[in-house]
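> Sequence and predicted model, in that order:
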Amino acid sequence: MSRKEFATALIALLAGLFLVGTMASDLTAASAPRPLPKLATIATTSPGSTLAIFASGIAKVVGDRTEMSPRVQNFSSYVTYIPMLDSGDLEMGVTVSTEGLYAWKGLEPYKKNRNIRLLMAGPDLLTAYLTTKASGIRTVRDLKGKRVSLVVTLATMKLWGEAQLKAAGLDP
């Protein structure tokens, strides 16, 4: 399977998951399926980000293959749109799994969002520490006694970064 065929299959799968998510009735009650909405909003982060591009791909496939007109709505952060998803003001949001878990459990910076559901888990979000070659730093342990700045874009990234430093025996 070529890369293009794989990407097309992946987007089709995600579009199917999107449709299942929008059509699914409450699984605890036997009720008739709801009709597809004419307009569906897919929430995501800033334009140009990986997740925004991913959301645009889902919207394109769903729009091409159904009578729905999905639109991508960009937000400054997950903290902004996950509560809107929880309240039913949005149909779908593209986020990293950890943010969804924190939002569902009500861990900082979220309040409990019990009406959200994970449709699909994506790849792990990795963190990296960068320095110059001339610094002499080769491992995380070499950071001991040095000033470290964590530049984060996600609520959970700060927690991950601090956990990595603690795992290396450092006090963040």
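Good, I have the coordinates.
> What pairs with the host helix or strand of Val72, parallel or antiparallel?
Assigned by DSSP states H and E, Val72 falls within strand 69-74. Its sheet considered, strand 69-74 pairs with strand 39-44 (parallel) by DSSP bridges.
> Run through who's touching the partner strand.
18, 22, 51-52, 54-55, 58-59, 62, 68-75, 81, 84-85, 90-95 (C-beta atoms under 8 Å, 6 or more residues apart in numbering). Where C-beta positions appear, they are placed from N, C-alpha and C, glycine not excepted.
> got the domain boundaries for the chain?
3-105, 133-167 (automatic domain parsing).
> Name the stretch from the ones you listed that approaches Arg114 most closely.
domain 3-105 (6.8 Å; C-beta to C-beta).
> now that closest one, how far from the centre of its chain.
10 Å (C-alpha atoms, centre = their mean, to the nearest Å).
> One more: stretch 100-116?
13 Å.
> what's the span of it from first residue to last?
8 Å (C-alpha to C-alpha, to the nearest Å).
> Now Met92: closest residue in space that isn't a chain neighbour?
Ile42 (4.9 Å; C-beta to C-beta, 6 or more residues apart in numbering).
> and that neighbour, how many residues sit next to it?
Other residues lying near Ile42 total 22 when counted by other C-beta atoms under 10 Å.
> Quick check: ChimeraX command selecting the buried ones in the contacts of strand 39-44.
Only the buried entries of the contacts of strand 39-44 go into this ChimeraX selection, using 16 or more other C-beta atoms under 10 Å:
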select :18,22,51,52,54,55,58,59,62,68,70,72,74,75,81,84,85,90,91,92,93,94,95
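> sec struct for the residue nearest in space to the middle of the chain, please.
Closest to where the C-alpha atoms of the chain average out (C-alpha atoms, centre = their mean) is Thr95, at 1.2 Å. Secondary structure, DSSP: H, G, I helix; E, B strand; the rest coil: Thr95 is coil.
> Settle this for me: it is touching Val79, isn't it.
No - taking contacts as C-beta atoms under 8 Å, Thr95 lies outside contact range of Val79: 10.3 Å.
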